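Peer 1: What follows is a predicted protein model with its sequence.
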Amino acid sequence: MKDLNDILIGEIEGFRALGYKFLNGEVSKMDFKGASGGMGVYAERSGKKFMIRFRIPSGIASIKDLKLVYDFAKRYKLKSIHLTTRQAVQLHGITIDEVCDAMEEGIKKGLYSRGSGGNFPRNVAVSPLSGVEVNGVFDVSPYALVVGQYFLNKVYTYKLPRKFKVAFSSNENDESHVTATDLGFLAVKENGIEYFKVYLGGGMGKNSKLSVKRKQLIKPEDILYHVEAITELFINEGDYVNKGRARIRYIKERMGEEKFINCYNSYLEKVKAKGNLKITVESKVYDKVGVETSIESPRLFSQKQKGLYSVYVHPTGGILKIENLKLIIDKIESIKDSEVRLTMTEGLYIRNLNGKEAEIMIELTEGMGGTTALECSMACIGVPTCQMGILESQRTLREILSYFKENNLTKDILPPVHISGCTNSCTVHEIGTIGFCGKKKKIQDELTNVFELHFGGDIGIGKTRLAKNYGDIKEEEVPKFLFELASAVNNSNKVFTKWIEQNVDELNQIINKYLV
């Protein structure tokens, strides 16, 4: 890694100088963003402070990396860190010098921000319980790490039209969204042999599209051929002129699915002809001695390894206080073979705990975040931090939770809500059961903050679908709308999914009452 590190460190002083030009008004916001994104850095809305995003490899957070993130947060007097919806970590509200110093120290210690934004391959997503979940087909984590390292090794060389996302799912729950991303690999077995199904050309945002499935199964050893094939197709067929249409899903839309798949296959043949991309991996052996527990908690998950458990922690909106991060680090450091995996839902799992350790961890993390599904909702960082944001998604989430608490409805009724502060879809609101997208709308000649309501989305093999856009609800009315919906479900004594299936008219009446 020495050569790579030297190259990446060599970029930093030039970027620091660019940051000062931006602060002095010599470089525009958009020009700075065009350069800073590839460094994993964005200017915040104030134009004076910055965010840096560290790409935790596929959300597999080592103690070393967690300690370094904590050290940075403590050093820069931050109150919290932000767990993202792509298994990464963001530090907000720091200076350009702090950004550059953290970037350099991170590189030297194996924690990278390069390519975590901008027109680059993003953090490779993976099912966060892969390897330990009861119904997992096989552990996809080692393959995701190989792809992530492949991208990182040449991250400074990419000239892509826009960002590019790869995901690995270990079962049909599709927690990494292979059915709605640029390139996805789904673990399957046929006659006891491990393969991947390949999904292509999906993605969320403006003009969201689901992926198309390639018919042929592939051997796991061949994944890099497919990574390289889609990359070359993107480079050669992508739109470098119109940024709004510079994603792989627009190539698929332009060509049509059949021609797109044929085009992909032709690139695959060319890449395979060059050779030298076959891989081998070692799967982790989980041989820790288990101990059963009798406690019950919605945050406790049994692993397939008998007597071992994972504990879920979901800080509200992904905002994890640094004192809570320190508590987690100190405790897991004393627990043999424990692991931390970041999720696509702004949370984290503490894995590979025996029953006694799980009990301790449940107690330690009580009060650090949500317990009900609604409390485990997602919200992007939004206004007033995000430069691109339109509405205050974090505030809206807090107001929703406060409204429910103030009105004494704390039962687990609604599913998690996905709140995106703009059309960038950072919380993938289009595939959430209930999703909101922030925008402004003229109502009686007054520009008003509204959230577009997306309802009925889903994720999972064979059931992934985009939500229906029902229209707009005033920002301040969102908590009341959700409370009325939850109350109707609660009064029916039915679970949410059954209620919406059997009470379509009542659902529409509630929605229409709030639309503007």
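Peer 2: Cool, got the structure.
Peer 1: Hmm, Gly136 is touching Pro128, no?
Peer 2: No: with contacts counted by Cβ atoms under 8 Å, Gly136 stays clear of Pro128, the gap being 11.1 Å. Bear in mind the C-beta positions are built from the backbone N, C-alpha and C, glycine included.
Peer 1: what sits against the residue nearest to Val124 when sequence neighbours are not counted?
Peer 2: Counting by Cβ to Cβ, 6 or more residues apart in numbering, Val124 lies nearest to Gly148, which is 4.3 Å off, once chain neighbours are set aside. Applying Cβ atoms under 8 Å, 6 or more residues apart in numbering, we find Gly148 in contact with 55, 57-58, 123-124.
Peer 1: the more surrounded of Gly136 and Pro128?
Peer 2: The neighbour count for Gly136 versus Pro128, taken as other Cβ atoms under 10 Å, is higher for Pro128 (28 against 19).
Peer 1: Would you check that the more buried one makes contact with Ile350?
Peer 2: No: contact criterion Cβ under 8 Å: Pro128 and Ile350 do not qualify, at 10.9 Å.
Peer 1: Where do the strands of the stretch 151-300 of the chain begin and end?
Peer 2: 166-169, 183-190, 193-200, 212-213, 300-302 (DSSP state E, counting those that start in this stretch).
Peer 1: Tell me which of the ones you listed sits nearest to Leu233.
Peer 2: Proximity to Leu233 (Cβ to Cβ) singles out strand 193-200 among these, at 9.2 Å.
Peer 1: Only C-alpha atoms, please: export the closest one in CSV.
Peer 2: Below are the C-alpha coordinates for strand 193-200, written out as CSV (Å, rounded to 0.1, in the frame of the first residue of the first chain):
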residue,chain,number,x,y,z
ILE,A,193,-22.3,-24.9,-5.0
GLU,A,194,-21.9,-21.2,-4.3
TYR,A,195,-22.7,-18.7,-7.1
PHE,A,196,-23.8,-15.1,-7.5
LYS,A,197,-26.7,-13.7,-9.4
VAL,A,198,-25.9,-10.4,-11.1
TYR,A,199,-28.1,-7.4,-11.1
LEU,A,200,-27.5,-4.3,-13.3
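Peer 1: All further residue positions should be reported with the first residue as 18.
Peer 2: From this message on, residue numbering opens at 18, which makes the last subject strand 210-217.
Peer 1: For that strand, which residues meet the burial criterion?
Peer 2: For strand 210-217, the neighbour count (16 or more other Cβ atoms under 10 Å) marks 211-217 as buried.
Peer 1: Closest one of these to Val288?
Peer 2: Val215 (13.6 Å).
Peer 1: ok so, going back, Throw the strands of the stretch 168-317 of the chain into CSV and include distance to Leu344 and mean pLDDT, thanks.
Peer 2: Below are the strands of the stretch 168-317 of the chain laid out as CSV (distance: least, Cβ to Cβ, whole Å; pLDDT from 0 to 100):
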stretch, distance to Leu344, mean pLDDT
strand 183-186, 30, 98
strand 200-207, 34, 98
strand 210-217, 38, 98
strand 229-230, 43, 98
strand 317-319, 18, 98
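Peer 1: And the buried residues of strand 210-217, which is closest to Asp354?
Peer 2: Nearest member of these to Asp354, counting by Cβ to Cβ, is Glu211, at 24.1 Å.
Peer 1: Report the buried residues of stretch 292-302.
Peer 2: So, applying 16+ other Cβ under 10 Å, buried residues of stretch 292-302: 294, 298.
Peer 1: again with stretch 464-479
Peer 2: 466-472, 474, 476-478.
Peer 1: do stretch 226-234 as well
Peer 2: 226-231.
Peer 1: ok, of those, which one's closest to Glu189?
Peer 2: Proximity of these to Glu189 was ranked by Cβ to Cβ; the top entry is Lys230 with 12.7 Å.
Peer 1: List the contacts of the residue nearest to the closest one when sequence neighbours are not counted.
Peer 2: Closest residue in space to Lys230, ignoring its immediate chain neighbours: Tyr216 at 5.5 Å, by Cβ to Cβ, 6+ apart. Shown in contact with Tyr216 (Cβ under 8 Å, 6+ apart): 195-196, 198, 200-203, 228-231.
Peer 1: Glu115 too?
Peer 2: Glu115 touches 67, 93, counting by Cβ under 8 Å, 6+ apart.
Peer 1: still on that earlier bit, can I get the strands of the stretch 168-317 of the chain in TSV including distance to Asp88?
Peer 2: Below are the strands of the stretch 168-317 of the chain laid out as TSV (distance: least, Cβ to Cβ, whole Å):
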stretch	distance to Asp88
strand 183-186	30
strand 200-207	34
strand 210-217	38
strand 229-230	44
strand 317-319	30
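Peer 1: quick one: which of the ones you listed is nearest Lys295?
Peer 2: Here strand 210-217 is closest among those (Cβ to Cβ), at 13.9 Å.
Peer 1: helices or strands up against the helix or strand Lys81 falls within?
Peer 2: According to DSSP states H and E, Lys81 maps onto helix 80-92. When contacts are defined as 3 or more Cβ pairs under 8 Å, 6 or more residues apart in numbering; DSSP states H and E, helix 80-92 sits against strand 97-100, strand 106-111, helix 113-125, helix 339-350.
Peer 1: What strands flank whatever helix or strand comes next after the longest one, and is each parallel or antiparallel?
Peer 2: Spelled out, that is helix 113-125. Taking DSSP H and E as the definition, the helix or strand that follows helix 113-125 towards the C-terminus is strand 142-143. Looking at strand 142-143 with DSSP bridges, its partner strands are strand 183-186 (parallel).
Peer 1: Pull out the buried positions in the partner strand.
Peer 2: Buried residues in strand 183-186 (16+ other Cβ under 10 Å): 183-186.
Peer 1: And these, which is closest to Pro237?
Peer 2: Of the buried residues of strand 183-186, the one sitting nearest to Pro237 (Cβ to Cβ) turns out to be Phe185, at 10.1 Å.
Peer 1: wouldn't that closest one be in contact with Tyr160 here?
Peer 2: Yes: between Phe185 and Tyr160 there is a contact under Cβ under 8 Å: 5.9 Å.
Peer 1: what's the overlap in contacts for the two?
Peer 2: Joint contacts of Phe185 and Tyr160 (Cβ under 8 Å, 6+ apart) are Phe202.
Peer 1: picking up where we left off before, can you redo the buried residues of stretch 226-234 as CSV with distance to Cys117?
Peer 2: Formatted as CSV, the buried residues of stretch 226-234 follow (distance: Cβ to Cβ, whole Å):
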residue, distance to Cys117
Lys226, 37
Leu227, 40
Ser228, 37
Val229, 41
Lys230, 43
Arg231, 42
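Peer 1: which of those residues sit farthest apart?
Peer 2: Pairwise over the buried residues of stretch 226-234, using Cβ to Cβ, the maximum falls at Lys226 and Arg231, 15.6 Å.
Peer 1: picking up where we left off before, with respect to Lys289, which of the buried residues of stretch 464-479 is nearest?
Peer 2: Checking the buried residues of stretch 464-479 against Lys289 with Cβ to Cβ, the nearest one is Ile478 at 26.6 Å.
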